[in-house]
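[1] sequence-free structure coming up:
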């Protein structure tokens with residue numbers, strides 16, 4: 001499973017205000033479903049990721065039966081393709097959110113009186 005996101009900030013090992021024990025690079029990413037995550041960037045593309053880039057994050061399991069996900073940025077999708085994917089996922093999320101808000105929530109429903 002993969003998710004589209006948008007890079008908000010980069011955390012570089014020698015960045016201003018950063019003291020790092022390793023050379024890994026992370027990005028603060030706003031995901032299509034409004035989640036805000038801090039994800040590691042794969043070493044192969046770490047120096048190429050920039051703020052405002054659209055990225056693909058790998059959410060596949062780390063092992064076949066593991067509940068734990070990789071949660072790593074593996075692709076940069078710039079230009080029209082990145083925007084198109086982002087927009088499609090964002091539209092779908094907005095539809096789902098609107099449907100959920102229009103359905104009465106269980107907690108808001110009065111409990112029946114039982115003797």
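    In hand now; what should we look at? Quantities reported herein were computed from a predicted structural model and do not represent experimental measurements.
[2] wait, doesn't residue 60 sit right on residue 69?
    Yes - here residue 60 reaches residue 69: they are 6.8 Å apart, a contact under CB atoms under 8 Å. From N, CA and C alone the C-beta is placed, and that goes for glycine too.
[3] what sits in contact with each of these two?
    Shared contacts of residue 60 and residue 69, defined by CB atoms under 8 Å, 6 or more residues apart in numbering, comprise residue 1.
[4] select the longest strand from the chain.
    Assignment by DSSP state E gives strand 2-11 as the longest strand of the chain.
[5] that one: partners in the sheet, and parallel or antiparallel?
    strand 26-31 (antiparallel), strand 54-58 (antiparallel) (DSSP bridges).
[6] contacts for it, please.
    Residues outside strand 2-11 that contact it (CB under 8 Å, 6+ apart): 18, 25-33, 36-39, 49-60, 73-74, 77, 82, 85-86, 89.
[7] so for it, what gets flagged as buried?
    Of all the residues in strand 2-11, those buried under the rule 16 or more other CB atoms under 10 Å are 3, 4, 5, 6, 7, 10, 11.
[8] distance of the nearest residue to residue 1 once chain neighbours are set aside relative to residue 2?
    Closest residue to residue 1 in three dimensions, ignoring its sequence neighbours and counting by CB to CB, 6 or more residues apart in numbering: residue 59, at 4.5 Å. Residue 59 sits 6 Å away from residue 2, going by CB to CB, to the nearest Å.
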